[in-house]
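Student: sequence and predicted structure, then a few things I'm wondering about:
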Amino acid sequence: MNKMNETEGGGASHQAGSWPEVAAAIGKVWWSFFDWLAQVEWKRLAVICVLLMIFLSILRASHLAICLILLSLGLKVLAGGKRKAELEARAASSHLDQESLERRLVEAQMAVLQAQVEPHFLFNTLALIGQLIETDPPQAARVHEHLIDYLRATLPQMKARASGTLARQITLSRAYLAIMQARMKARLAVSIDVPAEIESASFPTMMLQILIENAIKHGLEPKIEGGRIDIRASVERNVLQLEVIDDGVGFNPRSGEGVGLTNVRERLHILYGTRAQLVIEAPAEGGTRALIRLPYTPDIFAGGAV
Amino acid sequence: MNPGLHATALIADDEDAMRAQLRSRLREAWPALEIVAEAANGVEAIALAGQHQPDIVFLDIRMPGLSGIEAARMLFNRCHLVFVTAYDQYAIEAFEQGALDYLLKPAGGERLKTTCARLQTMIGKKPANIEHQLSALLAGHGGAAGTAAKPEYLRWIQAVVGTSLRMISTREVLFFRADEKYTRVQTQQSEVLIRKTLKELADELDPDEFWRIHRSTLVRVDAIQEVTRDLRGRQMVKVRGFDEELEVSRGNAHLFQQM
């Protein structure tokens, strides 16, 4: 709660005149002088005093110089120490902010590593493979292969460094969607429309997957008749836009954001600042449309991304 | 164990492969058990149970429409229930504690035989009253997902942007500010107007997430970077990543007293 504590600003209110703007300007100059005074070293202050003395005596205003110097020294002695401590504390706290940003990045990465394979998904898929081995061995082999692809891309220990391309992310999601289609059958239709020429673009890991899993879990699985999911990517004016659209049950404005979306938002912010965006929309025809916009980098060295 | 005892059953699971699996395993474990119907969701399960009056209903927990546990609440006094799940740690613990019968997918082997033997001793008897256990399970299940325990506050702001309805997570919002008939929703990247009044928002939002610092301002507590006093002695709130400062009215100054 220490951030909520007030910063001391006393001693300035008497300067507020009838023109608040002028007063604010004077106040600003005064406080920056005061801050400088608090932080400046005594040695340097002494040199400046001597120079000021010489300069003002040339202008025949030595008594003004003496007044100014006495005032400065007095202020420095009386209030300088406290102000200096305060300024240092503030600098330290902004340093802390920086540290907490870095810590949040690590935490976000950790969370994404942990949040990956949902046990529910894994056990259900294994149960399905078990059944298919008896009834439809070729289909069992296909689902089994998709599961391996999915796990290879998802399990933290197996994460390849060069996984941060759009192509890689789409391969992972195709494997996942193929498994979900084997389970949901006619209840899940999928279309993926990503132009081949932008597949080499770098794209942070697991973000597409999180949007797709959300669409299925919150949109389509709860819907009795199921529905469809459309994945589209495009580039316009160097902005890569990736959309995941479902025609599921839509969104409950009172349900929490969930770990997945928070994670996507946090990582986008840390990686791209305000140049990236996660937008969630509720189209008039129902369902949910989620899209990520980020700077387009057709990068052959992709993989530096988180 | 009496595999020759005739009884009827219904299987409810949204995946048809899983229904087929249970059906074939039950045929081995209890040949005289007749599967009278299969349901692909909770709503269908209740309708078919009403139509066929089975002795036993096998209920998958995760199903669209109504979950297995919700469906169980409507069926428990009419038939014997067995829950089926691939993985649900919380539910499994609750089943153990409440002495409810359950199977893990893929169901089979000794475990299924035990369940069948137990069911056979119960055929013809009145099903146990498990309403209490089911209610607890429903409450807890919601809680595990992070929703049921707290009152439900507004978590998404709906705003018309262009021709679409945008959903803005409250976690993105820096502050809300009354702007004549509208309310301005400020995020780090955008500023949109919504028709909801600040008063309505204040009633619907989590009071621990947003504080009312002024008649016309609701600020997200987590977004507050610092509170300073300006030259006229007013408290001003600075939010992270945004330049405009927000005034704290005197009536709300107590929010930021030194602690």
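Tutor: Structure's in. What do you need? Numbers count the residues shown, from 1 in each chain, chains lettered A, B, ... in the order given.

Student: what parts of the stretch 51-200 of chain B come near chain A?
Tutor: By CB under 8 Å from any CB of the partner chain, the residues of the stretch 51-200 of chain B that approach chain A are B:62, B:64-65, B:86-89, B:105-106, B:146-147, B:152-158, B:164-172, B:188-189. Glycine gets a C-beta too; all of them are placed from N, C-alpha and C.

Student: out of those residues, which end up buried?
Tutor: Neighbour counting over those (16 or more other CB atoms under 10 Å in any protein chain shown) leaves B:62, B:64-65, B:86-88, B:105-106, B:153-158, B:165-172, B:188 as the buried ones.

Student: if you drop the residues flanking it in sequence, what lies closest to B:Thr170?
Tutor: Of all residues beyond its chain neighbours, the one nearest B:Thr170 is B:Arg155 (5.5 Å), with distances taken as CB to CB, 6 or more residues apart in numbering or on different chains.

Student: list the contacts of that neighbour.
Tutor: Contact analysis of B:Arg155 by CB atoms under 8 Å, 6 or more residues apart in numbering or on different chains lists A:Pro253, A:Arg254, A:Ser255, A:Gly256, A:Glu257, B:Ser169, B:Thr170.

Student: select only the buried ones of those in PyMOL?
Tutor: Command for PyMOL, covering only those of these found buried under the criterion 16+ other CB under 10 Å:
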select buried, (chain A and resi 253+256+257) or (chain B and resi 169+170)
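
Student: of the contacts of B:Arg155, which is the nearest to A:Ala23?
Tutor: Minimum distance to A:Ala23 across those is 37.7 Å, recorded for B:Thr170 (CB to CB).

Student: so who does the nearest residue to B:Arg171 once chain neighbours are set aside touch?
Tutor: Distance criterion CB to CB, 6+ apart; nearest residue to B:Arg171, sequence neighbours excluded, is A:Glu257 at 5.6 Å. Residues in contact with A:Glu257 (CB under 8 Å, 6+ apart) are B:Arg155, B:Trp156, B:Ser169, B:Thr170, B:Arg171.

Student: which members of those residues are positioned in strands?
Tutor: Among these, the residues falling in strands (DSSP state E) are B:Trp156, B:Ser169.

Student: in a markdown table, list the contacts of A:Glu257 along with pLDDT.
Tutor: Putting the contacts of A:Glu257 into a markdown table (pLDDT from 0 to 100) gives the following:
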| residue | pLDDT |
| --- | --- |
| B:Arg155 | 91 |
| B:Trp156 | 92 |
| B:Ser169 | 93 |
| B:Thr170 | 93 |
| B:Arg171 | 91 |
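
Student: need the contacts of A:Glu257 in JSON lines with distance to A:Leu155, can you?
Tutor: Below are those laid out as JSON lines (distance: CB to CB, whole Å):
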{"residue": "B:Arg155", "distance to A:Leu155": "31"}
{"residue": "B:Trp156", "distance to A:Leu155": "32"}
{"residue": "B:Ser169", "distance to A:Leu155": "29"}
{"residue": "B:Thr170", "distance to A:Leu155": "33"}
{"residue": "B:Arg171", "distance to A:Leu155": "28"}
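
Student: quick one, domains of chain B?
Tutor: Split into domains by automatic domain parsing, chain B comes to B:7-144, B:156-256.
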